[in-house]
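Asker: Build me a model from this:
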Amino acid sequence: MQRLFKSLCYWKHFTQHLLVSLAVFVLATQLFALPASATGVSEVPKPKVGTWIVDQAEVLSRSNEGKIATTLRDLAKQTGNEVHFVTIHRLDYGETIETFTDKLFDRWFPTSEAKANQTLLVLDSLTNNVALSAGEAVKTKLTDDLAESVTQETVLIPLKEGNKYNQALLGAGDRLSAVLSGRPDPGPPTLTDNVQVEGTFATPEQTKESNATVWVIGFLVVATVVPMATYYFYLYLQAREG
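Answerer: Modelled structure (predicted):
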């Protein structure tokens, strides 16, 4: 009986150390994995001719991505003005959405001539920040005020109402197409009264953090329950032998 008791005590301490170690490992993995998802300018290669959207954050449905691409393709054919959308999940440390967009614009279109009829809109899905860079020829129709309205209203209003990325980028594509085609500006969407500053849907980042919390709590619960169950099993065996 004494040998059994020692074995049970050993198993209890071993189980506790194992589960605590696993919990720490899972939490550390979640914490250190976050910076790895940051996107640098060099990690967004210039798309092939005829490709208008680089959805690295994967926020668009396939059907809506196709609709936006069709709108931007028709715009390029009819006017020569090319618009590109880029979505990323996280910026590098010290980078802002404005500096990232400007750097990417310079990387993709290194000369004034190459920039002239180009427009680049970039969205960071982690913070829902968005910025736009445009060439000089584009700016004759897309003024600074209008560009700011596209990013801060056409895109951000749907995001504030619930992370509606498809609606936001569909609206941006339609509005930019209208303005750069010389048609009347349809204006930004109307802000509803029940706007929520934080989306009702969890972001990918929040989902990861939530999963990490569930795993840690699960491990801690098991670390508590298993030793107790072992102890009561020992008492049961002792009572039977008694």
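
Asker: Confirm Leu123 sits in a helix?
Answerer: No - secondary structure of Leu123 (DSSP: H, G, I helix; E, B strand; the rest coil): strand, not part of a helix.

Asker: How many neighbouring residues does it have?
Answerer: Leu123 has 26 neighbours, counted by other Cβ atoms under 10 Å. All C-beta spots, glycine's among them, are computed from the backbone N, C-alpha and C.

Asker: and it, what are its bridge partners?
Answerer: Going by DSSP bridges, Leu123 is paired in beta bridges with Thr87, Val130.

Asker: roughly how far apart are it and Thr79?
Answerer: In this structure, Leu123 and Thr79 are 23 Å apart, going by Cβ to Cβ, to the nearest Å.

Asker: Quick check: buried residues in the helix or strand where Ser63 lies?
Answerer: Under the assignment given by DSSP states H and E, the secondary-structure element containing Ser63 is helix 62-79. Residues Asn64, Glu65, Lys67, Ile68, Ala69, Thr71, Leu72, Leu75, Ala76 are the ones in helix 62-79 that count as buried (16 or more other Cβ atoms under 10 Å).

Asker: Where do the helices of the protein begin and end?
Answerer: 2-33, 62-79, 97-108, 112-115, 136-139, 144-149, 156-160, 165-180, 204-241 (DSSP state H).

Asker: got the end-to-end distance for stretch 151-170?
Answerer: Stretch 151-170 has an end-to-end distance of 12 Å (criterion: Cα to Cα, to the nearest Å).

Asker: What's the local residue count around Thr119?
Answerer: Tallying neighbours of Thr119 according to other Cβ under 10 Å, which is how burial is gauged here, yields 25.

Asker: what's the answer for Ser112, then?
Answerer: The burial count assigned to Ser112 is 10, neighbours taken as other Cβ under 10 Å.

Asker: what do you get for Ile157?
Answerer: By the other Cβ under 10 Å criterion, the neighbourhood of Ile157 contains 19 residues.

Asker: Look up phi and psi at Ser181.
Answerer: When read as degrees, to the nearest 10, the backbone of Ser181 gives phi -90, psi 0.

Asker: and it, what is it in contact with?
Answerer: Residues counted as contacts of Ser181 (Cβ atoms under 8 Å, 6 or more residues apart in numbering) are Leu75, Gln78, Thr79, Asn81.

Asker: if I look at the closest residue to Leu159 other than its chain neighbours, how far off is Gly80?
Answerer: Of all residues beyond its chain neighbours, the one nearest Leu159 is Asn128 (4.7 Å), with distances taken as Cβ to Cβ, 6 or more residues apart in numbering. Relative to Gly80, Asn128 is positioned 31 Å away (criterion: Cβ to Cβ).

Asker: Compare the two (neighbour count), which wins?
Answerer: With neighbours defined as other Cβ under 10 Å, Asn128 and Gly80 compare such that Asn128 has more, 19 against 11.

Asker: Next up, the contacts around that one.
Answerer: By Cβ under 8 Å, 6+ apart, the contact list for Asn128 reads Leu156, Leu159, Lys160, Asn163, Gly199.

Asker: Check what pLDDT Asp213 gets.
Answerer: Heads up, residue 213 is Thr, not Asp. pLDDT for Thr213: 55.

Asker: likewise Arg90?
Answerer: Reading off the model, Arg90 has pLDDT 94.
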